[in-house]
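Asker: No letters, just coordinates:
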């Protein structure tokens, strides 16, 4: 008698696709790898609450039931308990549109996986999906805007409520929830709430514990924290100093500064964590010194150490890219993903170099010596915009991207052609990147340019076509700067009301004797 062949036992908790195919499912959520690795769409899983009647179906009966469905998306949605239409559709919208636009392993992987077992994270994702849909219909359907706003707020507060009752000892879930809530708060213009969520996540990471596999979460949280540092909304100031008058624990001493280890960088994720960590440490120390929470006499030493670490990062970054191109890239998708990641890191590294070399204080003319870096930022932004341009009229990312570096060029580069290239790029995109909205940034940058160029000896329109063919004028006319020091805007402050698409803008100039500043212009802008 032939021995019995041992077959792996098929469970009734596998995905619908594997059950129909009568093969063992690996039960990875949200989509099993048995399906996705072979290019098949995964129809998802039946929820436990509906397992009793459905599990009695044979594979043949289940296949017959699926064939009768007329839906787009996983069949599991039909067999699951009824959900409010807006909630299920907003979750699917996040999964299909928002996560794919933002990219990265965190939003497309860890968040969606946890959402299947953590109600608080599921609610947070629904809130983000509703806010994305609200943005898509804004200006076209006021009723839908109100409905999606209501849906977003309901699920946002529900996620907070569920999170506060969370009994798990797994801090990783709470860190992910902090990131999701911060992203939702950014999209709804709740800047103060976003800062609270970011700091909560940072404290959880600082406490340590079992944080294995949290690299993508740490990177996303660091990017959101950096974005909050450089975003200027006078209504909600970033708290560089704790209530006890000290720098936050994760930046309290130099050992907390992110740096390239002796073994180098193993991948681009680690490279991004280090770069954004260096930038955040530097900005925190500078701001804390201005508030008396860091010895001012130590700033020079901090500067040289940051420059040294940034140079070391660049050398290791170039080595890593060369190694990846030779050994690690197997598919076109991998090459595209790497190219986009490399462009993004180059853009922010170049932007940070500009900030380091120009310094944080002094006359506004100090920026003029770095024309080459301004032009490099424009070139990198143009290439990344071309490679990541969406066929949709609106582009949303939950993390920082092109808008902030272009804004810096528009307001700090006084070369009329280069700064108009930045304005043209902002004008040609409709991007919402976390706290930064390209349309809102554009109207602020235009006001800065108009205020600075008001008394130029010639008129130059804000909108110029074919800028590459225009001969660049000199930065000086008759020995004088094109934009005199006394006409330059040294600081801008914004009070942003996202719900009204309104910005109250305050522009400041330095006093001639350098003893302070004065309000040069106040204007209310719509975007």
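Answerer: Done, it's in. Bear in mind the structure is a predicted one, so any value in this text is a computation, not a measurement.
Asker: in stretch 291-305, what counts as buried?
Answerer: Neighbour counts using 16 or more other Cβ atoms under 10 Å place 293-294, 302-303, 305 of stretch 291-305 among the buried residues. Every C-beta, even on glycine, is put in place using the N, C-alpha and C of the backbone.
Asker: and if you look at stretch 265-272?
Answerer: Buried, per 16+ other Cβ under 10 Å, within stretch 265-272: 265, 268-272.
Asker: Could you tell me how far the residue nearest the centre of the chain is located from residue 196?
Answerer: In the chain, the residue lying closest to the centroid (Cα atoms, centre = their mean) is residue 399, at 0.3 Å. Shown here: residue 399 relative to residue 196, a distance of 18 Å by Cβ to Cβ, to the nearest Å.
Asker: quick one: the residue nearest to the centre of the chain and residue 431 touch, right?
Answerer: No. Residue 399 is beyond contact range of residue 431, at 11.6 Å (criterion: Cβ atoms under 8 Å).
Asker: Let me see the contact set for residue 199.
Answerer: Contact partners of residue 199, counting by Cβ atoms under 8 Å, 6 or more residues apart in numbering, are 239, 248.
Asker: Tell me the secondary structure at it.
Answerer: Following DSSP: H, G, I helix; E, B strand; the rest coil, residue 199 is assigned to helix.
Asker: Let me see the ranges of the helices in the stretch 51-200 of the chain.
Answerer: Secondary structure of the stretch 51-200 of the chain (DSSP state H, counting those that start in this stretch): helices at 51-55, 59-67, 76-79, 85-93, 99-102, 105, 111-115, 119-137, 142-164, 171-187, 191-207.
Asker: helix or strand right after the last one?
Answerer: Toward the C-terminus, helix 191-207 is succeeded by helix 215-230 as the next helix or strand (DSSP states H and E).
Asker: Quick one: residues in contact with that next one.
Answerer: Applying Cβ under 8 Å, 6+ apart, the set of residues contacting helix 215-230 is 104-107, 109-110, 172, 175-176, 178-179, 182-183, 186, 191, 194-195, 198, 201-202, 205, 211, 238, 269-270, 272-273, 276-277, 279-280, 283-284, 399-400, 404, 434-436.
Asker: which among the buried residues of stretch 291-305 gets closest to residue 408?
Answerer: residue 303 (19.2 Å; Cβ to Cβ).
Asker: any idea how far the closest one is from residue 96?
Answerer: Taking Cβ to Cβ, one finds residue 303 at 46 Å from residue 96.
Asker: how deep is residue 230 tucked in, by neighbour count?
Answerer: Residues near residue 230, counting by other Cβ atoms under 10 Å, number 18.
Asker: next SSE after the helix or strand where residue 381 lies?
Answerer: In this structure, residue 381 sits in helix 371-388 according to DSSP H and E. Next helix or strand after helix 371-388 toward the C-terminus (DSSP H and E): strand 395-397.
Asker: Now the element after that next one, going C-ward?
Answerer: Next along the chain after strand 395-397, taking DSSP H and E as the criterion, comes helix 403-412.
Asker: Run the angle between that next one and helix 215-230 for me.
Answerer: Orientation check (axes from the mean of the first three to the mean of the last three Cα atoms, to 10 degrees): helix 403-412 against helix 215-230 gives 20 degrees.
Asker: Just want the angle from helix 403-412 to helix 371-388.
Answerer: Going by the same axes, to 10 degrees, helix 403-412 makes 150 degrees with helix 371-388.
Asker: got a pLDDT number for residue 26?
Answerer: On the pLDDT scale, residue 26 is placed at 88.
Asker: Relative to residue 361, how far out is the residue nearest to residue 184 when sequence neighbours are not counted?
Answerer: Spatial nearest neighbour of residue 184, chain neighbours left out: residue 127 (4.5 Å); criterion: Cβ to Cβ, 6 or more residues apart in numbering. Taking Cβ to Cβ as the measure, residue 127 falls 41 Å from residue 361.
Asker: Could you check which of the two has the larger neighbour count?
Answerer: Neighbour count, other Cβ under 10 Å: between residue 127 and residue 361, residue 127 has more, with 31 against 8.
Asker: For the more buried one, give its distance to residue 152.
Answerer: 5 Å.
Asker: what residues do these two have in common as contacts?
Answerer: Common neighbours of residue 127 and residue 152, counting by Cβ under 8 Å, 6+ apart, are residue 184.
Asker: What is the burial count for residue 417?
Answerer: 16.
Asker: and what of residue 338?
Answerer: 17.
Asker: Wait, it touches residue 268, no?
Answerer: Yes. Between residue 338 and residue 268 there is a contact at 7.0 Å, judged by Cβ under 8 Å.
Asker: got any residues that touch both of these two?
Answerer: Joint contacts of residue 338 and residue 268 (Cβ under 8 Å, 6+ apart) are residue 324.
Asker: which residues sit in contact with residue 153?
Answerer: 127, 188.
Asker: for the helices of the stretch 51-200 of the chain, which one sits closest to residue 331?
Answerer: Nearest of these (Cβ to Cβ): helix 105, 15.9 Å.
Asker: Give me the pLDDT value at residue 235.
Answerer: Residue 235 is given a pLDDT of 57.
Asker: Next, residue 360: phi, psi?
Answerer: Note on residue 360: its backbone torsions stand at phi -100, psi -10 [degrees, to the nearest 10].
Asker: From residue 175, how far off is the closest residue to residue 382 other than its chain neighbours?
Answerer: Among residues not flanking residue 382 along the chain, residue 425 sits closest, at 6.6 Å (Cβ to Cβ, 6+ apart). For residue 425, the distance to residue 175 (Cβ to Cβ) stands at 34 Å.
Asker: more neighbours, those two?
Answerer: Neighbours per residue (other Cβ under 10 Å) separate residue 425 from residue 175, with residue 175 holding more: 23 against 20.
Asker: give the contact list for that one.
Answerer: Residue 175 neighbours (Cβ under 8 Å, 6+ apart): 201, 204-205, 211, 214, 217, 221.
Asker: and if we set it to 6 Å?
Answerer: 201, 204, 217 (Cβ atoms under 6 Å, 6 or more residues apart in numbering).
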